[in-house]
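Enquirer: Sharing a model prediction with you, sequence too.
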Amino acid sequence: MRNADRADSPLFSRREVLALGVGAFVVASMPLAARGRRELVRRTLPVMGTVAEVAVVHGDPRQAHAAIDAAMEELRRVDRLMTRFSETSEVGRANRLAAARPVAVSDATASVLREALGWAHVSEGAFDPAIGRVVRLWDVGHRTAPPPAASVRRFAGRRFYRALDLDTWRGEPVIRFTDPDVELDLGGIAKGYGVDRAVDALRRAGIGQAIVNVGGDLYALGGAEDGGPWRIGIQSPEDPSRPAAELDIRDAAVATSGDYLQFFRHGGRRYHHLLDPTTGAPRRTPVRSVTVTAGACLTADAAATAVFGMAPARAARLLGAHAADARIVSTIAGGA
């Protein structure tokens with residue numbers, strides 16, 4: 001069902017939250033003079049294991065809704081291809097079959113895998129798209145205690161991405177796992193790719209001002225209602241309902257990796273979902289969140305995952321070598 005909120009609704013204040021997600025939300029300043037001419041049309045969609053929101057500024061609500069329809073269909077398409085939670089997705093099919101034989105995938109999935117492998121190699125495994133079995137072992141959303149130490153040690157330091165082969169057969173991309181413990185999990189990059197494809201759909205529909213936000217990975221298209229940049233609030237790990245910092249962006253992506261929404265506590269320690277492939281366990285770091293901006297959301301998404309908890313000098317070298325337009329705009333540390 002469509003869920004649109006008008007920009008001239010009395011429920012909005014002059015500074016208002018347009019979208020909430022994991023890591024960032026959008027704060028817009030809306031001059032009173034603009035309220036009579038344009039509408040802010042917003043809709044949400046459960047997708048990719050989170051909630052997506054598309055907010056469009058346009059004078060014709062019908063055109064805005066049609067554009068949002070196209071953007072949301074792109075998000076659904078990426079989810080159908082790349083979710084690990086469905087055996088019928090391309091990722092799900094690969095996880096069932098690719099240890100035994102090559103599995104054909106679409107050009108879209110192959111392009112995301114190619115980007116993911118590039119990040120894996122340049123980060124020396126800090127970003128690993130083949131670590132899905134370890135993600136399932138920890139299952140942070142449902143556990144109340146760590147898995148057995150022997151199970152964790154079994155996966156430590158394996159660098160699973162090295163056992164993921166992406167090739168072509170008869171002109172079509174195929175993937176093969178050379179280690180039976182490989183399992184794809186594109187959660188650290190596919191949301192960003194989906195955001196980019198949704199933004200492309202909005203542009204094709206003639207939209208010049210919009211926000212696409214998938215679980216806090218977002219792209220700001222054009223400017224805000226007053227023609228200035230969009231104001232993005234970075235969530236506070238201590239109180240995710242409020243911003244710890246704000247930044248102004250236009251025609252750029254923002255992504256945040258943080259430990260404060262998916263975690264459990266045991267024995268006085270926080271166990272979060274951002275895993276260290278060298279130990280097979282959650283990364284141990286005083287950092288609570290890292291926010292990255294880039295020209296594409298895929299880049300920002302992968303970079304934020306890769307550099308979370310990384311020493312600043314190493315993170316700077318990684319971004320300089322692999323994503324020249326990406327930069328870390330916020331690093332928040334705190335207690336465990």
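Expert: That came through, no problem. The structure displayed is predicted, hence computed values, not measured ones.

Enquirer: what about G171, neighbour count?
Expert: 5 (other CB atoms under 10 Å). From N, CA and C alone the C-beta is placed, and that goes for glycine too.

Enquirer: ok, now the one 3 residues further on?
Expert: By the other CB under 10 Å criterion, the neighbourhood of V174 contains 18 residues.

Enquirer: List the residues that contact it.
Expert: Residues near V174 by CB atoms under 8 Å, 6 or more residues apart in numbering: P102, V103, A104, V105, L166, D167, T168.

Enquirer: contacts for the helix or strand containing the fifth one?
Expert: Element membership of L166 [criterion: DSSP states H and E] is strand 164-169. Contacts of strand 164-169 with the rest of the structure, by CB under 8 Å, 6+ apart, involve 102, 104, 110, 113-114, 117, 129-130, 173-178, 182, 184.

Enquirer: strands paired with it, and their directions?
Expert: Its sheet considered, strand 164-169 pairs with strand 172-177 (antiparallel) by DSSP bridges.

Enquirer: for the chain, what spans make up the helices?
Expert: 32-35, 61-82, 90-97, 107-122, 132-138, 149-155, 190-204, 297-307, 312-322 (DSSP state H).

Enquirer: and the fifth one, how far out from the chain's middle?
Expert: What that stands for is helix 132-138. Helix 132-138 has its C-alpha centroid displaced from the chain centroid by 18 Å (CA atoms, centre = their mean, to the nearest Å).

Enquirer: now the second one
Expert: How far helix 61-82 lies from its chain's middle: 17 Å, per CA atoms, centre = their mean.

Enquirer: Spatially, which two of the contacts of V174 are the most separated?
Expert: V103 and T168 (12.7 Å; CB to CB).

Enquirer: neighbour count winner among those two?
Expert: V103 (19 against 11).

Enquirer: all strands of the stretch 201-336 of the chain, in order?
Expert: Per DSSP state E, counting those that start in this stretch, the stretch 201-336 of the chain carries strands over the ranges 210-214, 217-221, 230-235, 243-249, 252-258, 263-266, 269-272, 275-276, 281-282, 287-294, 327-333.
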